[in-house]
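**Q** this is the structure alone, sequence omitted:
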């Protein structure tokens, strides 16, 4: 089953031409310039389009808006299990190569994050001892993205190939006493040049040993409750258990505690010993619809409807 997320073409209403006094005309020109330059969230959007308010529709090459929100995430990094039902949100636009139809991710242009997650408690805390994860001994891992995600919604529907590519690092922290701990504020598992490279599929993996194949789920596609041109794919399960987990970086003064984190987390961890599972709802929208909302607002001003 293939989901076609290339946008349709929509006509643009031609505004009525009216004779206005010079002052009102100047106000209209200024207002319309401001609206054209504004991000999507400057335009009034209906509730079923609000998730796409940060989509970079001012880039005319952006064809599709994507909003992904997880309902559950499981990340096994070495011997560290990071499980959470707090949402991870990814939002961005997608342009397509005219010749190959290959997608390229475009980040929000209004300062909104492309990837947003909450800290996940590390079982056993800093000592790795069950029951000790309280106060200054508690430890959390905050997933952070390196670069931009890449999505292929058609691969979600076909249950083959990579549906979502994300490179991650994880900040090891105590959100209550982080500045006071010996780890410092820059301690990470992985870094920008050595991330965890997740290549998630809704199909079945082929990992190196000792991991065994695991399967995802393409979810259920529906247009119910979505704006025209919008699609919701519910309960998508994307999995990968073939990636390598890097070691610790910048933990403690001049990295003096990297070895402690590595020892307690069995890091670095070779491919075949780690796994990731994300269950999410994936929303897509034709970017032209958001542009039309901006154009409609401009038309309203230039028509003299104040």
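**A** Received, thanks. As the structure is a computational prediction, the values presented were derived from the model and not from experiment.

**Q** give me the beta-bridge partners of residue 280?
**A** residue 70, residue 236 (DSSP bridges).

**Q** and it, how far is that from residue 46?
**A** From residue 280 across to residue 46, the span is 23 Å (CB to CB, to the nearest Å). In this view, the C-beta of every residue, glycine as well, is placed from N, C-alpha and C.

**Q** show me which of these two is the more surrounded one.
**A** Taking neighbours as other CB atoms under 10 Å, residue 280 and residue 46 compare with residue 280 leading, 25 against 8.

**Q** what sits against that one?
**A** Neighbouring residues of residue 280 by CB atoms under 8 Å, 6 or more residues apart in numbering: 68-71, 88, 236, 238.

**Q** what pairs with the residue lying closest to residue 77 once chain neighbours are set aside across the strands?
**A** Excluding its sequence neighbours, the residue lying closest to residue 77 (CB to CB, 6 or more residues apart in numbering) is residue 245, at 4.5 Å. Counting by DSSP bridges, residue 245 is bridged to residue 269.

**Q** give me the pLDDT value at residue 245.
**A** pLDDT recorded at residue 245 is 98.

**Q** check contacts around it.
**A** The contact partners of residue 245, taken as CB under 8 Å, 6+ apart, are 77-78, 189-190, 196, 267-269, 273-274.

**Q** repeat the analysis, applying 7 Å as the threshold.
**A** 77-78, 196, 267-269, 274 (CB atoms under 7 Å, 6 or more residues apart in numbering).

**Q** please apply the same query to residue 236.
**A** Residue 236 sits next to 156, 202, 217-219, 280, 282 when contact means CB under 7 Å, 6+ apart.

**Q** quick one: contacts for residue 233?
**A** Here residue 233 is in contact with 156, 219, 221, 282 (CB under 7 Å, 6+ apart).

**Q** can you rerun that using 10 Å?
**A** Residue 233 sits next to 3, 5, 68, 153, 156-157, 202, 218-222, 280-284 when contact means CB atoms under 10 Å, 6 or more residues apart in numbering.

**Q** the residues you listed, buried ones only, as a PyMOL selection?
**A** Only the buried entries of the contacts of residue 233 go into this PyMOL selection, using 16 or more other CB atoms under 10 Å:
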select buried, resi 3+5+68+153+156+157+202+218+219+221+280+281+282+283+284
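
**Q** just the ones in helices from the contacts of residue 233, please.
**A** Within the contacts of residue 233, residues falling in helices by DSSP state H are 153, 156-157.

**Q** and the residues you listed, which is closest to residue 109?
**A** Among these, residue 153 lies closest to residue 109 (CB to CB), at 21.6 Å.

**Q** how far away is the closest one from residue 137?
**A** 43 Å.

**Q** what's the nearest residue to residue 244 if we skip its chain neighbours?
**A** Residue 244's closest residue in space is residue 271 (CB to CB, 6+ apart), at 4.5 Å.

**Q** helix or strand: which one has residue 95?
**A** Element membership of residue 95 [criterion: DSSP states H and E] is strand 89-96.

**Q** packing partners of that strand?
**A** Strand 89-96 sits against strand 64-77, strand 103-106, strand 115-116, strand 140-151, strand 275-286, helix 287-302, with contacts defined as 3 or more CB pairs under 10 Å, 6 or more residues apart in numbering; DSSP states H and E.

**Q** let me see the mean pLDDT of the last one.
**A** Translated: helix 287-302. The pLDDT scores in helix 287-302 average 70.

**Q** could you do the second one as well?
**A** For strand 103-106, the mean pLDDT works out to 95.

**Q** low pLDDT regions in this protein?
**A** Scanning the chain for pLDDT under 70 picks out 1-43, 126-136, 175-180, 294-306.

**Q** give me that answer again for 50
**A** Applying pLDDT under 50 to the chain picks out residues 1-43, 306.

**Q** any idea which residue sits dead centre in it?
**A** residue 90 (1.8 Å; CA atoms, centre = their mean).

**Q** tell me who's in contact with the closest residue to it other than its chain neighbours.
**A** Spatial nearest neighbour of residue 90, chain neighbours left out: residue 68 (4.3 Å); criterion: CB to CB, 6+ apart. Going by CB under 10 Å, 6+ apart, residue 68 touches 51, 87-92, 115, 149, 151, 164, 233, 236, 238, 278, 280-284.

**Q** how many other residues sit next to the residue lying closest to residue 191 once chain neighbours are set aside?
**A** Counting by CB to CB, 6+ apart, residue 191 lies nearest to residue 249, which is 4.4 Å off, once chain neighbours are set aside. Number of residues near residue 249 (other CB under 10 Å) recorded here: 19.

**Q** you'd agree residue 249 is up against residue 169?
**A** Yes: here residue 249 reaches residue 169: they are 8.0 Å apart, a contact under CB atoms under 10 Å.

**Q** any buried residues in stretch 56-76, and which?
**A** By 16+ other CB under 10 Å, the buried positions in stretch 56-76 come out as 56-58, 62-68, 70-73, 75-76.
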